[in-house]
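J.: dropping the sequence and predicted coords here.
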Amino acid sequence: MMRSLGLALGLGVAVMGAAQAKTLVYCSEGSPENFQPAINTTGTSFDAARPVYNRLTEFKRGTTEVVPGLAQSWDIADGGKTITFHLRKGVKFHANKIFTPTRDFDADDVLFSFNRQWKPDNPYYKVSGGKYDYFSDMDMPNLLASIEKTDAYTVVFHLKSPNVAILANLAMDFAAISSAEYADFLLKKGTPEVLDQVPLGTGAFYFVSYQKDAVIRYKKNPDYFGEKALVDDLVYAITPDATARYAKLKAGECHINAYPRPADLAEMQKDASLKVMSASGLNVAYWAFNAQKPPFDKKDVRQALAMAIDRDAIVKDVYLGAAEKASTLIPRTMWAFDKDIPQVAYDPAKAKQMLAAAGVKTPFDIDLWYMPVSRPYNPNGKRIGEMMQADLAKIGVNAKLQTYEWGEYRKRVANGEDTTAQYGWTGDNGDPDNFFFLRGCPGGKPGDSNPTKWCNKEFDDLLVKARVTSDQGERVKLYKRMQEIEHDEAPELLLVHSTVYEAMRANVVGFKQSPLGTQIFEGVDLK
């Protein structure tokens, strides 16, 4: 208790002194697993690393528009199979207590950052566990033929086949560029893992310190080439409890509150010292069935369980109406959305009949894992789990609620240890591929990002074809067929697409909500 109180008081002083020091305090919802985007898969860890790094391409702040980053321009040739990136000159890497760079950013840093994730003979390939889920999920190992530098500021990507999403994919966090010189320095010291825990990049802020479960500190990078940081210090006050985050916001102990509870929004909107921003979420929440485990390998069983859940009640109770029931993985705001896919009906009587017809005798026991963290698409996993549990009991299904710490939860779901589990997704790049890959099975095996462990060859073939088809009209046809297949096969119950809210102090200016659910603080100021 005393340590938490001391942290709160310390942050209060920082905020009150903001007129002098310009300190922006962000109440984040959790502790990062590390500070290396290449090995991350969670928004919490990406948000913690993002102030430090840049990528070859970037998303224009507040949009999904791809703009130049560390690459100031690029040329596409050979029918989309060759992309030549012309790198920005004069970009400075940060320094820290143990390392000062001797050169600017160049092509060697690009080669290191991608080869670490791609080449087993790279000395960093196995550092920090050697798992590069996003690199694999974006199909980079199969897509890349080679990456070469033709001079210090030119890098050429040779692809095995065209991929219409590649420039957007390279703007994602996993493609962050690290310092090859810093990596070499740490390798020679015998401490390569420090690269992933003490980050050093080219971003708008440089990393200062991290106290687990308490605080992360950054400072403004005066040499930044892009949109400047307008505050001198950036502080992440790690506050997992939504009620505590709101209390800190009201008290002025933080300026921006991640993932406010829907139940608090009305009160926040009435408070003149606060302001609330909202936008349609590029997201989806779902209840995944492990199709590798009987009886969930039968689509009739999956369909029956889906019909047992009253999603209207969940939207009303948990989201307070700030969400719409999902009929497909992608929300209606995306250009590939198929409006003709019907909603799953709430029909407990039919659900019971279908279970009986499928040979499932009730009472029937299942596990129902619920998310332990708040997300815009799932603000209260436990409450949703309790409501689902009550619905399932009505058809003779006994659902045992359980959860784990978020990192452990994700690992266990990726390993297929659950029978059913809540999960969700916020889009990374605005392309439909970034949602449909969640049901992909590269090489015929379900990826870690596919918690349903469901595989369908036609779906996978269409997924691959849509990546190499440049005509958007043709891509729409492919994605519509994929939505039909998924609706029929029911590897999950699609729950909702939510409205995303951000709460902040009224004196915060310049903050732009991202449709990708990311937190970006360059260009943000305090009046």
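T.: Nice, thanks for sending it over. Residues are numbered from 1 along each chain as shown.

J.: just give me the longest helix of this protein.
T.: Assignment by DSSP state H gives helix 472-489 as the longest helix of the chain.

J.: and the gap between Q292 and E489?
T.: Q292 sits 14 Å away from E489, going by C-beta to C-beta, to the nearest Å. Heads up, the C-betas are built off the backbone N, CA and C, glycines and all.

J.: residues contacting the nearest residue to Q402 once chain neighbours are set aside?
T.: Spatial nearest neighbour of Q402, chain neighbours left out: W369 (5.8 Å); criterion: C-beta to C-beta, 6 or more residues apart in numbering. Counting by C-beta atoms under 8 Å, 6 or more residues apart in numbering, W369 makes contact with 401-404, 409, 413, 418, 420-422.

J.: surely V67 forms part of a strand?
T.: Yes - assessed with DSSP: H, G, I helix; E, B strand; the rest coil, V67 lies in a strand.

J.: now it, nearest residue through space, not along the chain?
T.: Nearest to V67 is K60, by C-beta to C-beta, 6+ apart, at 4.8 Å.

J.: give me the number of residues near that neighbour?
T.: 12 (other C-beta atoms under 10 Å).

J.: try the one 3 residues further on
T.: Close neighbours of T63, defined as other C-beta under 10 Å, add up to 13.

J.: for it, which non-adjacent residue is closest in space?
T.: Using C-beta to C-beta, 6+ apart, the closest residue to T63 is P515 (7.0 Å).

J.: that neighbour contacts G427, doesn't it?
T.: Yes - using C-beta atoms under 8 Å, P515 is in contact with G427, at 7.3 Å.

J.: overlap of the contact sets of the two?
T.: In contact with both P515 and G427: 64, 282, using C-beta under 8 Å, 6+ apart.

J.: for this structure, what's the longest strand?
T.: For the chain, the strand with the greatest residue count under DSSP state E is strand 492-505.

J.: which elements pack onto that strand?
T.: helix 242-251, strand 256-257, helix 265-270, strand 274-280, strand 283-289, helix 299-307, helix 311-317, strand 323-325 (3 or more C-beta pairs under 8 Å, 6 or more residues apart in numbering; DSSP states H and E).

J.: any idea of the angle it forms with strand 274-280?
T.: Per axes from the mean of the first three to the mean of the last three C-alpha atoms, to 10 degrees, the angle that strand 492-505 makes with strand 274-280 is 150 degrees.

J.: hey, where'd the strands end up in the stretch 101-250 of the chain?
T.: Per DSSP state E, counting those that start in this stretch, the stretch 101-250 of the chain carries strands over the ranges 144-151, 154-159, 205-211, 215-220, 233-238.

J.: okay, the angle between the longest one and strand 154-159?
T.: For strand 144-151 and strand 154-159, the angle between their directions (the same axes, to 10 degrees) works out to 170 degrees.

J.: buried sites along strand 144-151?
T.: 144, 147, 149 (16 or more other C-beta atoms under 10 Å).

J.: coming back round to it: tally of neighbours for the residue nearest to T63?
T.: Applying other C-beta under 10 Å, I find that P515 has 20 neighbouring residues.

J.: do the same with Y246
T.: Y246, neighbours per other C-beta under 10 Å, totals 22.

J.: and the gap between the closest residue to it other than its chain neighbours and V276?
T.: Among residues not flanking Y246 along the chain, D264 sits closest, at 5.3 Å (C-beta to C-beta, 6+ apart). Separation of D264 from V276 (C-beta to C-beta): 10 Å.

J.: who's more crowded, the two?
T.: Ranked by neighbour count (other C-beta under 10 Å), D264 and V276 place D264 first, with 20 against 17.

J.: that one against A244, yeah?
T.: No - if you go by C-beta under 8 Å, D264 and A244 don't touch, sitting 11.6 Å apart.

J.: contacting residues for N34?
T.: N34 sits in contact with 40, 45, 49, 128, 196-197, where contact means C-beta under 8 Å, 6+ apart.

J.: now it: how far from A49?
T.: 8 Å.

J.: any common contacting residues for the two?
T.: With C-beta under 8 Å, 6+ apart as the test, N34 and A49 both reach N40.

J.: picking that back up, neighbour count for Q292 and E489, which is higher?
T.: E489 (17 against 14).

J.: which ones are touching that one?
T.: Contacts of E489 (C-beta under 8 Å, 6+ apart): 299, 302, 454, 456.

J.: okay, V509 and Q20: tell me how far apart.
T.: Counting by C-beta to C-beta, the gap from V509 to Q20 is 18 Å.

J.: neighbour count: these two, which is higher?
T.: With neighbours defined as other C-beta under 10 Å, V509 and Q20 compare such that V509 has more, 12 against 8.
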